[in-house]
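[1] Predicted model follows, preceded by the sequence.
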Amino acid sequence: MEHLTINILGVSGAHRKARNSSFMVQEALRSAEKVKGVETQFIELADFKIEYCRHCNKCIFSHDDTNRKHGGNCIIKDDMQKIYPLLEEADGIIFGSPVYVSNVSGRMKTFMDRLRPLAFKGTFGFKVGGAVSVALLAFGGQEVTNNIILGAFHILEGITVSGMATGGAGYSGPPLGPRGADDDGKNIAVKDDPYAMTSAMMVGRKVAETAKVIKYGIHALGAEFNDLCSVYHFPLKPEEWKRWNINLI
């Protein structure tokens with residue numbers, strides 16, 4: 001059997017770099033690397049300048065209004081243009097965010113909104129997504145946050161896995177670490193939360209295993225897979241977009 005490399009991308013949506021959320025994502029990636037053939041990459045969204053999605057819907061089609069051909073390109077020229085190729089190359093993606101009022105961080109939400117072009121391009125149809133999150137408290141909204149991430153990826157046509165319950169869930173506050181007001185900006189308390197480390201490990205392994213099965217399955221199907229996708233999955237042929245013949249853009 002031909003050896004295939006499985007690429008897993010980890011994305012931390014924390015505002016503060018190299019802290020608890022980043023550690024959780026990287027712990028999941030370390031677990032993924034234990035699956036044979038897996039290579040990983042990690043990025044911090046804090047390293048990139050990403051504008052809000054304008055919901056202009058230019059990404060649904062190309063910018064040729066005469067032919068209205070299928071698009072998949074974002075007109076906003078910012079650092080997302082550096083991240084899009086990484087997402088296209090990845091076979092699996094592990095999203096991580098701190099909990100903000102039982103939700104993802106604003107940085108992660110902005111990033112997820114900007115994934116729409118790739119959905120219309122057909123990028124996520126057979127990619128696997130998992131989620132990890134960290135809150136100050138042990139019961140601080142981690143499950144809700146993970147479900148928001150997984151729900152968004154599901155809507156973008158991705159394949160979601162949990163690994164354990166809703167995904168990786170950890171906390172970094174007392175008694176493991178400092179209160180928010182006492183944080184020294186360096187402490188990584190989530191590493192001392194055994195449930196967090198176990199759940200992150202399970203997310204990483206599940207994403208890697210599922211991505212591997214899918215990639216090898218696609219490879220085995222060969223031309224049959226391409227024929228199937230040309231009919232039933234994005235990107236559809238222009239003539240199959242007749243239902244979009246309204247003034248969307």
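    Looks like it came in fine.
[2] List phi and psi for the nearest residue to residue 170 once chain neighbours are set aside.
    Distances taken as Cβ to Cβ, 6 or more residues apart in numbering put residue 196 closest to residue 170, at 2.6 Å, once the chain neighbours are dropped. From N, CA and C alone the C-beta is placed, and that goes for glycine too. Main-chain dihedrals, residue 196, degrees, to the nearest 10: phi -60, psi -50.
[3] Quick check, residue 196 in contact with residue 189.
    No. Counting by Cβ atoms under 8 Å, residue 189 is not a contact partner of residue 196; they are 9.5 Å apart.
[4] Which of the two has more residues huddled nearby?
    Comparing residue 196 with residue 189 by other Cβ atoms under 10 Å, the one with more neighbours is residue 196, at 27 against 22.
[5] roughly how far apart are the more buried one and residue 213?
    26 Å (Cβ to Cβ, to the nearest Å).
[6] repeat for residue 47
    In terms of Cβ to Cβ, residue 47 sits 32 Å off from residue 213.
[7] My reading is that residue 169 is in a strand; is that accurate?
    Yes. Under DSSP: H, G, I helix; E, B strand; the rest coil, residue 169 falls within a strand.
[8] Across the sheet, point out what pairs with it.
    Judged by DSSP bridges, the bridge partners of residue 169 are residue 133.
[9] got a list of what it touches?
    With contact taken as Cβ atoms under 8 Å, 6 or more residues apart in numbering, residue 169 is in contact with 132-134, 142-143, 146, 195-196, 199.
[10] Of those residues, which is the most crowded?
    Of the contacts of residue 169, with other Cβ under 10 Å as the count, residue 133 tops at 36 neighbours.
[11] can I assume that one is in contact with residue 98?
    Yes. At 6.9 Å, residue 133 counts as touching residue 98 under the criterion of Cβ under 8 Å.
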